[in-house]
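Q: Give the three-dimensional model of this entry:
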Amino acid sequence: MTLDLDFVRAQFPAFSDPTLQEQAFFENAGGSYTCAPVIDRLTRFYTQRKVQPYAPYDASRLGGEEMDEARTRLAAIMGVDTDEVSFGPSTTQNVYVLAQAFATFMEPGEAIIVTNQDHEANSGPWRRLKERGIEIREWKIDPDTGHLDPETLADLLDEKVRLVCFPHCSNVVGEINPVTEITAMAHAAGAFVCVDGVSYAPHGIPNVGELGPDIYMFSAYKTYGPHQGIKVVRRALGEALPNQGHHFNGATLYKRFTPAGPDHAQVAASAGMADYIDALAAHHGVLGDAAVRGAGVHDLMRAHEVSLLQPLLDYVSAKNSVRLIGPDTAATRAPTVALATQSNAENLAADLAKHKVMAGGGDFYAQRGLRAMDVDLDKGVLRLSFTHYTSKDEVDLLLNALDDIL
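A: Below you'll find the predicted structure:
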């Protein structure tokens, strides 16, 4: 079974918008196009339901039901309980809130492991707990490849470690980390696990229940949805951590880590992400419950991405003037390709724009990892990132443009 790209692109209004015609979008790691079901739900909410939800009158009742629907359906895709899923304004904010919970949950002298492969959102808030007497241990990447080696994690684990934080894949290295293996190691040592899935989930929302971490977070706006952060906090940990919400919400798991009121419209619109996954599953004949349909769509997306990614990796690997960050094998990484060159990356991105290729240059909040790999932060990296709605013609356009600017 192969992905029907014409069907996929028909679900995204951006591909028929006149202002975006003949342009190829390669900055999906910064935020994806939004699928039509999300836009439709957001429009309907703002038009018909923009009232305080959960009251008995119809507009309010229906708004609340749509918010509940989003949580229920996304939880089912991820293989977790409905009340283990909550929303926040961004993943960065969600991590910050959880770090505050751990600050009073842990004792001085206990330890948290973080990596230098992470986006700063899943690193900085944990590192700041050093000010509270928490020991911060850094799981370091290989400076040549950016690889996180589980064997080096074993050297950091002991009875003091309460939490291990790492990305499903980095937003510049791109390599897919073995979440289940790492989680099992941490759990065996008595530690909880927090996974940043922001750079992985756009390539197929994972079954978090099967992967096994205690916390899994990603951004809806990078996963065809509205600007929300979505987090899974498994029950055992969520009920043990101190409540960060209003005191009267402490008995409701999905409200314990949402200090501010949710954005009702955007939460409700997130159900459109499930609509999209179900539409893809139905069109491609993927049958089963929500988790099975989600897994089938995940595999369709990944297979299409891998087929487009390998030619790009082969091309940049053959360029002596370019350093590819991360592995050169498509099957082991997400289609987020960071390139270090002797030129300023932002200038290269501007040159690509002249060739109708939309991409980005900079450090992408991954300064620790890039510095560890001896990348000049003043020049940064050119990042070329795509997802399953990208076409072969767009990749060919990119390769031709790279020929001109490199």
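
Q: From here on, just use CA atoms for contacts and neighbour counts.
A: OK.

Q: hang on, Y365 is in a strand, isn't it?
A: No. If the criterion is DSSP: H, G, I helix; E, B strand; the rest coil, then Y365 is coil and not within a strand.

Q: now the strands: where do they sit in this structure?
A: Listed in chain order, the strands of the chain (DSSP state E) span 24-25, 85-88, 111-115, 135-139, 161-167, 192-196, 215-219, 229-233, 323-324, 336-340, 357-358, 360-362, 381-385.

Q: The third one: partners in the sheet, and parallel or antiparallel?
A: If I follow you right, that is strand 111-115. strand 135-139 (parallel), strand 161-167 (parallel) (DSSP bridges).

Q: Run a quick check on G209 versus D81, I expect a contact.
A: No. Look at G209 against D81 with C-alpha atoms under 8 Å: they stay out of range, at 9.0 Å.

Q: Need the overlap of contacts for those two.
A: Common contacts of G209 and D81 (C-alpha atoms under 8 Å, 6 or more residues apart in numbering): none found.

Q: For P226, see how far away P53 is.
A: Separation of P53 from P226 (C-alpha to C-alpha, to the nearest Å): 19 Å.

Q: more crowded one of the two?
A: P226 (26 against 20; other C-alpha atoms under 10 Å).

Q: out of the strands paired with strand 111-115, deepest packed?
A: strand 161-167 (a mean of 25; mean count of other C-alpha atoms under 10 Å).

Q: Need the contact partners of that strand.
A: Against strand 161-167 from outside (C-alpha under 8 Å, 6+ apart): 106, 110-115, 117-118, 122-123, 177, 186, 189-197.

Q: just the angle between that strand and strand 192-196, please?
A: Following axes from the mean of the first three to the mean of the last three C-alpha atoms, to 10 degrees, one obtains 20 degrees for the angle between strand 161-167 and strand 192-196.

Q: Send me strand 161-167 as PDB with only the CA atoms.
A: Only the C-alpha atoms of strand 161-167 are listed here, as PDB (Å, rounded to 0.1, in the frame of the first residue of the first chain):
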ATOM      1  CA  VAL A 161      17.900   9.600  39.100                       C
ATOM      2  CA  ARG A 162      14.200  10.400  39.200                       C
ATOM      3  CA  LEU A 163      13.700  11.600  35.600                       C
ATOM      4  CA  VAL A 164      15.200  11.000  32.200                       C
ATOM      5  CA  CYS A 165      14.400  13.600  29.500                       C
ATOM      6  CA  PHE A 166      15.200  13.100  25.800                       C
ATOM      7  CA  PRO A 167      13.700  13.700  22.300                       C
END
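
Q: sorry, back to before: so among the contacts of strand 161-167, which ones count as buried?
A: 106, 111-115, 117-118, 122-123, 177, 186, 189-197 (16 or more other C-alpha atoms under 10 Å).

Q: Find out how far the longest helix along the chain is from the centre of the chain, if you would.
A: Counting residues, the longest helix found in the chain (DSSP state H) is helix 290-317. Computed by C-alpha atoms, centre = their mean, to the nearest Å, the chain-centroid distance of helix 290-317 equals 15 Å.

Q: average pLDDT across it?
A: With pLDDT averaged residue by residue, helix 290-317 scores 98.

Q: Which positions within that helix qualify as buried?
A: By neighbour count on 16+ other C-alpha under 10 Å, the buried set for helix 290-317 is 290-306, 308-309, 311-313, 316-317.

Q: Could you do stretch 202-220 as well?
A: 202-209, 211-220.

Q: Give me the neighbour count for E239.
A: For E239, the neighbour count with other C-alpha under 10 Å is 15.

Q: got the contact list for stretch 328-341?
A: Stretch 328-341 is contacted by residues 29, 169, 171-176, 199-200, 203, 305-307, 309-310, 313-314, 317, 321-327, 375, 379-387 when judged by C-alpha under 8 Å, 6+ apart.

Q: Give me the buried subset of these.
A: In the contacts of stretch 328-341, burial by neighbour count holds for 29, 169, 171-176, 199-200, 203, 305-306, 309, 313, 317, 322-327, 375, 379-387, counting by 16+ other C-alpha under 10 Å.

Q: quick one, domains of this protein?
A: 5-33+291-405, 42-274 (automatic domain parsing).

Q: Off-centre distance for the last one?
A: Taking the mean of its C-alpha atoms, domain 42-274 sits 10 Å from the chain's own mean (C-alpha atoms, centre = their mean).

Q: And the shortest one, by the same measure?
A: Domain 5-33+291-405 has its average C-alpha position 15 Å from the chain's average C-alpha position, going by C-alpha atoms, centre = their mean.

Q: List phi and psi for the residue lying closest to L62 once chain neighbours are set aside.
A: Nearest-residue entry for L62: R49, 7.1 Å, with adjacent residues in sequence omitted and distances by C-alpha to C-alpha, 6 or more residues apart in numbering. Backbone torsions for R49, taken as degrees, to the nearest 10, come to phi -120, psi 10.

Q: likewise the one 4 residues further on?
A: Geometry field for P53 lists phi and psi as phi -80, psi 170, criterion degrees, to the nearest 10.

Q: Compute the distance between it and N249, please.
A: Applying C-alpha to C-alpha to P53 and N249 gives a distance of 16 Å.

Q: And for R371, the neighbour number?
A: Neighbour count for R371, taken as other C-alpha under 10 Å: 15.

Q: Please identify the buried residues of stretch 276-292?
A: For stretch 276-292, burial by neighbour count (16+ other C-alpha under 10 Å) applies to Y276, I277, D278, A279, L280, A281, H284, V286, A290, A291, V292.
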